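Engineer: coords below, sequence missing:
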Ligand SMILES: CC(C)(COP(=O)(O)OP(=O)(O)OC[C@H]1O[C@@H](n2cnc3c(N)ncnc32)[C@H](O)[C@@H]1OP(=O)(O)O)[C@@H](O)C(=O)NCCC(=O)NCCS
């Protein structure tokens, strides 16, 4: 019952944010656990699919990092980094970015860019050389705006669509 009440308050906040502009300077970024990512992964990346589809391989490895961006203490965006190398990229060590998602009502307000920058900063401090991702076709321009480059040919992921491997070399 408690969960339902919280969910209603949250839906109200989202509704309000569509009517009134939200103050996007009022955000916090925190490390979260893999289960916490599901409330954003599910509606944004796995809509209509079972909640189990929000569990990604490697989610609970010690080396995996999950970040959340909170507006007024509500989790509205997530991204995760996995110590995983792409055969298409030579530099090591590498991290793979997965589950990059901002709730629909909060998209296009600069919050995706902000959480990604925080992740990049953290991985840079951990001496990672490269971040790469399998970018959905629709998100390619978001990554380009964040200085990620396409490597290789597009490919298809079953039930999701065309993707591109994109990467960014982190500053030394
Ligand atoms: C892609 C996503 C994470 C971007 O987050 P966001 O908060 O909406 O993006 P921002 O507002 O931070 O945008 C940053 C820049 O990228 C651009 N951008 C964002 N999404 C874009 C898109 N889908 N296509 C083109 N450009 C995009 C913005 O115009 C902005 O450009 P600017 O810096 O010149 O103003 C978010 O829209 C989302 O969750 N989309 C659905 C899920 C998804 O596709 N995830 C990626 C899976 S690979």
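Structural biologist: Sure, I can see it. Predicted model only: the values in this text are computed from it and were never measured.
Engineer: what stretches of the protein score poorly on pLDDT?
Structural biologist: Within the chain, the set of residues satisfying pLDDT under 70 comprises 1-22.
Engineer: quick one: the closest residue to residue 41 other than its chain neighbours from the ligand, how far?
Structural biologist: In this structure, residue 41 finds its nearest non-sequential neighbour in residue 54, 4.3 Å apart by Cβ to Cβ, 6 or more residues apart in numbering. Placement of C-beta: from N, CA and C, glycine included. Counting by Cβ to the nearest ligand atom, to the nearest Å, the gap from residue 54 to the ligand is 13 Å.
Engineer: so who does residue 54 touch?
Structural biologist: Contact analysis of residue 54 by Cβ atoms under 8 Å, 6 or more residues apart in numbering lists 37, 38, 41, 42, 45, 46.
Engineer: give me that answer again for 6 Å
Structural biologist: Contacts for residue 54 (Cβ atoms under 6 Å, 6 or more residues apart in numbering) come out as 38, 41, 42, 46.
Engineer: Any idea which residue is closest to the centre of this protein?
Structural biologist: By Cα atoms, centre = their mean, the chain has its centre lying nearest to residue 100, at 1.8 Å.
Engineer: Which residues outside the helix or strand hosting it are in contact with it?
Structural biologist: Using DSSP states H and E, residue 100 maps to strand 94-102. Here strand 94-102 makes contact (Cβ under 6 Å, 6+ apart) with 37, 40-41, 44-45, 56, 77-85, 111-112, 123, 128, 130-133.
Engineer: Buried subset of these as a ChimeraX selection?
Structural biologist: Typed into ChimeraX, the line below selects the buried ones among those, using 16 or more other Cβ atoms under 10 Å:
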select :37,40,41,44,45,56,77,78,79,80,81,82,83,84,111,112,123,128,130,131,132,133
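Engineer: Tell me how far the residue of the chain found nearest the ligand lies from residue 156.
Structural biologist: Minimum separation of the chain from the ligand (Cβ to the nearest ligand atom) falls at residue 112, amounting to 2.1 Å. Taking Cβ to Cβ, to the nearest Å as the measure, residue 112 falls 24 Å from residue 156.
Engineer: near the ligand, which residues of this structure?
Structural biologist: Residues of the chain lying close to the ligand by Cβ under 6 Å from any ligand atom are 44-45, 100-102, 107-113, 135-136, 138-139, 141-142, 145.
Engineer: Among those residues, which lie within helices?
Structural biologist: 44, 45, 111, 112, 113, 141, 142, 145 (DSSP state H).
Engineer: Can you say which two of those residues are spatially most distant?
Structural biologist: Greatest spatial distance in those: 45 and 145, 19.5 Å, computed using Cβ to Cβ.
Engineer: returning to what we had before: once you drop chain neighbours, what's closest to the residue of the chain closest to the ligand?
Structural biologist: Leaving aside its chain neighbours, residue 112 sits nearest to residue 102 (4.9 Å; criterion: Cβ to Cβ, 6+ apart).
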